[in-house]
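Participant: just to be clear, the model below is a prediction. Sequence and coordinates:
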Amino acid sequence: MLWNTRVIYRLAHTLAQIAFAAILLSGLVLAKDDHGRITKLFQQLEGRWKITEVEVSGEKVESDEEWSFTHGNYTWRDSKREIRGEGSINDTWNPHQIYFKHKHSSLTGRIETDVRNWDTGIYKLSDDGDTLTVCIGRLPLKEFTTSKDDGRRLFVLKRIKDKVPAN
């Protein structure tokens, strides 16, 4: 076999994809719902959330996006699209890791369940449960920050409290 640059590049790229998938899958195995821990963590996220701040690669951006969580599923919705899928949490890391496995897009329809179609990151919930901070990027992440050209996305969301109508 001739070991030219293209063959070496393909091999390195394939090995990197395998390593990334192994990291994701090992996190999901650890995130197995041991005695309902993960279910309880997701229950803390249940409801609707409005994005108040977004930073992408160190730049502030505007967003009209709203997220919602229900029974381990999520929906991301803005004026242009909606993405739905399943979430998972790895609570063995500090901060906790969160995985968004995209399943459907209003723009493209069904999304193949491939690790390339997942968003991974870390999250924290404020003590009062009304502020959710999520940093999405290549794992392992330790800080809720972004910088120029790092490809990370930082979201700060506020819980939408539905008003109960007065009787």
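Facilitator: Everything's here; your move. Not measured: the values here are computed from a predicted model.
Participant: residue 38: how many residues sit nearby?
Facilitator: One way to gauge burial is a neighbour count; for residue 38, by other C-beta atoms under 10 Å, it gives 19. Any C-beta I mention is one placed from the backbone N, CA and C, and that applies to glycine too.
Participant: name the nearest residue to it, sequence neighbours excluded.
Facilitator: residue 89 (5.3 Å; C-beta to C-beta, 6 or more residues apart in numbering).
Participant: run through who's touching whichever strand or helix holds the one you found.
Facilitator: Taking DSSP states H and E as the definition, one finds residue 89 inside strand 82-90. Contact partners of strand 82-90, identified using C-beta atoms under 8 Å, 6 or more residues apart in numbering, comprise 27-28, 30-31, 38, 41-42, 69, 72-77, 96-106, 111.
Participant: swap in stretch 51-69?
Facilitator: Counting by C-beta under 8 Å, 6+ apart, stretch 51-69 makes contact with 42, 45-50, 74-79, 87, 146-158, 160, all of which sit outside it.
Participant: rerun that using 7 Å as the cut-off
Facilitator: Applying C-beta atoms under 7 Å, 6 or more residues apart in numbering, the contact partners of stretch 51-69 are 42, 45-50, 74-79, 87, 146-158.
Participant: repeat that for stretch 133-148.
Facilitator: When contacts are taken as C-beta under 7 Å, 6+ apart, the neighbours of stretch 133-148 outside the stretch itself are 23, 55-58, 97-98, 119-124, 150-156.
Participant: sorry, back to before: so of the contacts of strand 82-90, which ones are in strands?
Facilitator: Counting by DSSP state E, the members of these that fall within strands are 69, 73-77, 97-105.
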